[in-house]
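Enquirer: here's a sequence, model it:
(one chain, ligands or ions: 2)
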Amino acid sequence: MIVRNLRLRNFRNYESAVIELGEGMNIITGENAQGKTNLLESLVYLSLTRSHRISDEKKLIREEMPFADISCTLNDGGEKEIEAIIHHKGKTLMISRNPVKKSSDFIGQLNVVLFAPDDLYLFNDQPRERRRIMNQEITKISTPYLLSLNQYQNLLRERNIILKQETADERYLDILDEQMADAESLIVKKRTEFADTVNEAMSGLYREISEDDIRVTMKYRCCIENKDDLRASLLRMHRESRQRDIERRMTLNGIHREDLVFEKDGVSLIQTASQGQKRMTMLAFKMALLRYIQKETGKKPVLLLDDVLSELDSNRQKKLLNMVREPYQCLITATDVPEEIRKGNYREFRIEHGTVINITGGRE
Ligand SMILES: Nc1ncnc2c1ncn2[C@@H]1O[C@H](COP(=O)(O)OP(=O)(O)OP(=O)(O)O)[C@@H](O)[C@H]1O
Ligand SMILES: [Mg+2]
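Expert: Ligands and ions are numbered 1, 2, ... in the order given. As a prediction, this is how the structure comes out:
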């Protein structure tokens with residue numbers, strides 16, 4: 001999957017910009033606060049139909065303008081155009097100029113994997129954040145997953161309302177439990193596949209980038225132990241916790257309580273890893289996500305690295321770049337073109353106050 005051409009209008013601090021991206025390495029340079037991350041954010045928006053930085057989408061619209069428009073030409077075998085117009089009251093999504101009603105039909109057209117320094121919080125954050133990342137990644141490859149997730153959330157809300165009543169209607173709970181188990185079966189199946197693929201790749205990738213001889217792993221903490229007959233086990237779980245749920249007036253077990261556990265040599269990563277080891281683990285995790293999406297969709301995602309190289313020593317920079325340079329289209333932000341990049345082929349775009357300047361010095 002290659003983004004050929006990215007066009008921005010009134011997006012963040014860009015009034016109007018057209019960026020002809022190269023197939024391999026694209027380096028976005030500029031001083032602080034010029035619009036480098038904004039540019040990556042526009043691609044994240046086209047991938048997920050939301051920003052990775054803010055939930056109030058009005059902030060994406062250039063100040064005092066009525067709407068923002070992001071579009072790109074995408075090549076994934078054939079060529080297509082995807083476009084998102086963000087208004088003050090919502091958004092319009094289009095594929096090859098045809099409006100798309102549901103986000104779920106738009107997500108997955110462009111797949112990106114972003115690495116940003118803030119990502120490290122994932123290791124400390126509440127399980128909710130790790131579930132959010134897991135949902136976000138699986139949604140990129142599976143629309144049924146997204147639909148089951150929405151369905152589950154509606155059922156869970158309903159179940160919690162019943163549990164809060166003076167006397168819970170157990171016949172209604174029976175029906176809800178059945179429906180929840182249906183949605184959860186697909187969710188647990190997809191989460192298991194996700195965790196298996198990512199975990200399998202992560203240790204090797206970690207060693208490849210870091211040369212550090214430790215074993216990093218990611219485990220899926222599932223709400224059931226026996227996965228032979230998913231639906232039956234999930235239903236049993238809800239039935240067995242019913243009385244406690246009634247007492248506590250909320251649903252205590254289910255896929256809304258699951259987590260991903262990151263470990264270093266079998267012990268909690270947060271408690272034992274150095275800052276550098278956490279950074280390398282996050283990189284290995286993101287590289288494993290690339291492979292997961294590629295395996296599931298048959299298409300290579302686009303890699304976005306925001307401010308990552310400056311935090312790595314030159315040896316690790318070299319290793320990371322060697323891993324991504326050939327196979328993936330990459331957009332990398334930095335204040336200047338790092339030495340390691342200068343040695344190979346790349347295209348440079350310099351950003352000054354939301355204006356893109358093509359630098360002819362870049363090689364391809
Ligand atoms: N809606 C908006 N309208 C106009 N300008 C905006 C809007 N949203 C953000 N900006 C401007 O965008 C700039 C920040 O851009 P961005 O975060 O991309 O910087 P950056 O180049 O990545 O900087 P750094 O190197 O510090 O990470 C700020 O100057 C901010 O005022
Ligand atoms: Mg930035």
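Enquirer: which residue, other than its chain neighbours, is closest to residue 97?
Expert: residue 81 (6.7 Å; CB to CB, 6 or more residues apart in numbering). No exception for glycine: its C-beta is placed from N, CA and C like everyone else's.
Enquirer: secondary structure class for that neighbour?
Expert: Classification of residue 81 by DSSP: H, G, I helix; E, B strand; the rest coil places it in strand.
Enquirer: that one and residue 70: what is the separation?
Expert: 11 Å (CB to CB, to the nearest Å).
Enquirer: surely residue 123 touches residue 278?
Expert: Yes. If you go by CB atoms under 8 Å, residue 123 and residue 278 touch, sitting 5.8 Å apart.
Enquirer: quick check: neighbours shared by those two?
Expert: Common contacts of residue 123 and residue 278 (CB atoms under 8 Å, 6 or more residues apart in numbering): residue 269.
Enquirer: spell out which parts of the chain neighbour ligand 1.
Expert: Proximity of the chain to ligand 1, by CB under 6 Å from any ligand atom, involves residues 12-13, 30, 32-38, 59, 61-63, 307.
Enquirer: just the pLDDT at the spatially closest residue to residue 281 that is not a sequence neighbour, thanks.
Expert: When the adjacent residues along the chain are set aside, residue 281 lies closest to residue 216, with 4.8 Å between them (CB to CB, 6+ apart). pLDDT for residue 216: 96.
Enquirer: same deal with residue 165?
Expert: pLDDT, read off for residue 165, is 95.
Enquirer: distance of it from ligand 1?
Expert: Separation of residue 165 from ligand 1 (CB to the nearest ligand atom, to the nearest Å): 45 Å.
Enquirer: tally of neighbours for that residue?
Expert: 11 (other CB atoms under 10 Å).
Enquirer: again with residue 320
Expert: 24.
Enquirer: tell me the buried residues in the host helix or strand of it?
Expert: According to DSSP states H and E, residue 320 maps onto helix 314-325. Buried residues in helix 314-325, counted by 16 or more other CB atoms under 10 Å: 316-317, 319-321, 323-325.
Enquirer: in CSV, list those residues along with distance to residue 97.
Expert: Supplementary listing: the buried residues of helix 314-325 in CSV, determined by distance: CB to CB, whole Å:
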residue, distance to residue 97
316, 44
317, 41
319, 42
320, 38
321, 37
323, 37
324, 32
325, 34
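Enquirer: endpoints of stretch 69-82, how far apart?
Expert: 11 Å (CA to CA, to the nearest Å).
Enquirer: kindly report the same for stretch 28-40.
Expert: 9 Å.
Enquirer: in it, which residues are buried?
Expert: Buried residues in stretch 28-40 (16+ other CB under 10 Å): 28-30, 34-40.
Enquirer: what's near enough to touch residue 195?
Expert: Neighbours of residue 195 in contact, by CB under 8 Å, 6+ apart: 134, 218-220, 260.
Enquirer: buried ones in the helix or strand where residue 146 lies?
Expert: Using DSSP H and E, residue 146 maps to helix 143-164. If you call a residue buried by 16+ other CB under 10 Å, then helix 143-164 has these buried ones: 145-146, 148-149, 151-152, 155-156, 158-159, 162-163.
Enquirer: output stretch 226-237 in PDB with nothing but the alpha carbons.
Expert: Listed next in PDB are the C-alpha coordinates belonging to stretch 226-237 (Å, rounded to 0.1, in the frame of the first residue of the first chain):
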ATOM      1  CA  ASN A 226     -10.900 -22.700  28.400                       C
ATOM      2  CA  LYS A 227     -11.100 -21.700  24.800                       C
ATOM      3  CA  ASP A 228     -12.200 -25.000  23.300                       C
ATOM      4  CA  ASP A 229     -15.800 -24.000  23.000                       C
ATOM      5  CA  LEU A 230     -15.700 -20.200  23.200                       C
ATOM      6  CA  ARG A 231     -19.400 -19.500  23.300                       C
ATOM      7  CA  ALA A 232     -20.200 -22.200  26.000                       C
ATOM      8  CA  SER A 233     -17.300 -20.900  28.200                       C
ATOM      9  CA  LEU A 234     -18.300 -17.300  27.800                       C
ATOM     10  CA  LEU A 235     -21.900 -18.100  28.700                       C
ATOM     11  CA  ARG A 236     -20.800 -20.100  31.700                       C
ATOM     12  CA  MET A 237     -18.700 -17.200  32.900                       C
END
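Enquirer: who touches it?
Expert: In contact with stretch 226-237 (CB under 8 Å, 6+ apart) are residues 177-178, 180-182, 184-185, 188-189, 192, 223-225, 253-254.
Enquirer: let's see if you can find the most crowded of these.
Expert: Result: residue 184 is most packed of the contacts of stretch 226-237 (other CB under 10 Å), 29 neighbours.
Enquirer: that one contacts residue 254, doesn't it?
Expert: Yes. Counting by CB under 8 Å, residue 254 is a contact partner of residue 184 at 6.7 Å.
Enquirer: overlap in contacts of the two?
Expert: Joint contacts of residue 184 and residue 254 (CB under 8 Å, 6+ apart) are 152, 223.
Enquirer: what about stretch 11-23, start to end distance?
Expert: With CA to CA, one end of stretch 11-23 sits 24 Å from the other.
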